[in-house]
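1. here is my input; please provide its structure:
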Amino acid sequence: MTFVQVIEYESDRPDEVRELSEDWARHQLSNAPARMTVAEDRERPGHFVMVAEFDNYEQAMAHSSQPETGAYADRLRRLARSEPRFVNLEVAHQET
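-> Numbering: from 1, shown residues only. Presented below is the predicted three-dimensional model:
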């Protein structure tokens, strides 16, 4: 079953977050997310949502437990205005 992690954060430094994410994507290991999307809320500028899709829960947890992922999260926290909110979702239904 597909598993999704959502990270909500606010930042006045979107270009730095994008650079951080692009650098992180270049160094991903084999259990990297199958797809990653970052979107900014049109109604609340500076409010972002990052969606990481994994093949399953086990892959997501293996990815989350890596030191590189922890270092990325720490750097993201420094670029955010407040503590990011993390949500873990088991996909119940998906249409293509």
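
2. ranges for the helices of this structure?
-> Here the chain has its helices, by DSSP state H, at 14-26, 57-64, 67-79.

3. nearest to residue 2, of those helices?
-> helix 57-64 (9.2 Å; Cβ to Cβ). From N, CA and C alone the C-beta is placed, and that goes for glycine too.

4. pull out the buried positions in the closest one.
-> Using 16 or more other Cβ atoms under 10 Å as the test for burial, helix 57-64 gives 59, 60, 63, 64.

5. between those residues, which is closest to residue 32?
-> Here the nearest of the buried residues of helix 57-64 to residue 32, counting by Cβ to Cβ, is residue 63; it sits at 6.6 Å.

6. that older thread, deepest of the helices of the chain, which one?
-> helix 57-64 (a mean of 16; mean count of other Cβ atoms under 10 Å).

7. which residues are in contact with that helix?
-> 1, 3, 5, 29, 31, 32, 33, 52, 54, 69, 88, 90 (Cβ atoms under 8 Å, 6 or more residues apart in numbering).

8. and stretch 22-40, by the same measure?
-> Against stretch 22-40 from outside (Cβ under 8 Å, 6+ apart): 5, 14, 17-18, 21, 46-55, 59-60, 62-63, 66, 68, 72.

9. lowest-confidence entry in the contacts of helix 57-64?
-> Across these, the smallest pLDDT goes to residue 29, namely 68.

10. now do the helix or strand of the chain with the lowest mean pLDDT and helix 67-79, the angle between them.
-> Within the chain, no helix or strand scores below helix 14-26, which has a mean of 86 by mean pLDDT, DSSP states H and E. With axes from the mean of the first three to the mean of the last three Cα atoms, to 10 degrees applied, the angle from helix 14-26 to helix 67-79 works out at 180 degrees.

11. alpha carbons of helix 14-26, in PDB - could you do that?
-> Listed next in PDB are the C-alpha coordinates belonging to helix 14-26 (Å, rounded to 0.1, in the frame of the first residue of the first chain):
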ATOM      1  CA  PRO A  14      11.700  29.700  -0.600                       C
ATOM      2  CA  ASP A  15      14.600  29.900  -3.000                       C
ATOM      3  CA  GLU A  16      16.900  28.500  -0.300                       C
ATOM      4  CA  VAL A  17      14.500  25.700   0.500                       C
ATOM      5  CA  ARG A  18      14.300  24.900  -3.200                       C
ATOM      6  CA  GLU A  19      18.100  24.800  -3.400                       C
ATOM      7  CA  LEU A  20      18.300  22.600  -0.300                       C
ATOM      8  CA  SER A  21      15.700  20.200  -1.800                       C
ATOM      9  CA  GLU A  22      17.400  20.000  -5.200                       C
ATOM     10  CA  ASP A  23      20.700  19.300  -3.500                       C
ATOM     11  CA  TRP A  24      19.100  16.600  -1.300                       C
ATOM     12  CA  ALA A  25      17.400  15.000  -4.400                       C
ATOM     13  CA  ARG A  26      20.800  14.600  -6.100                       C
END
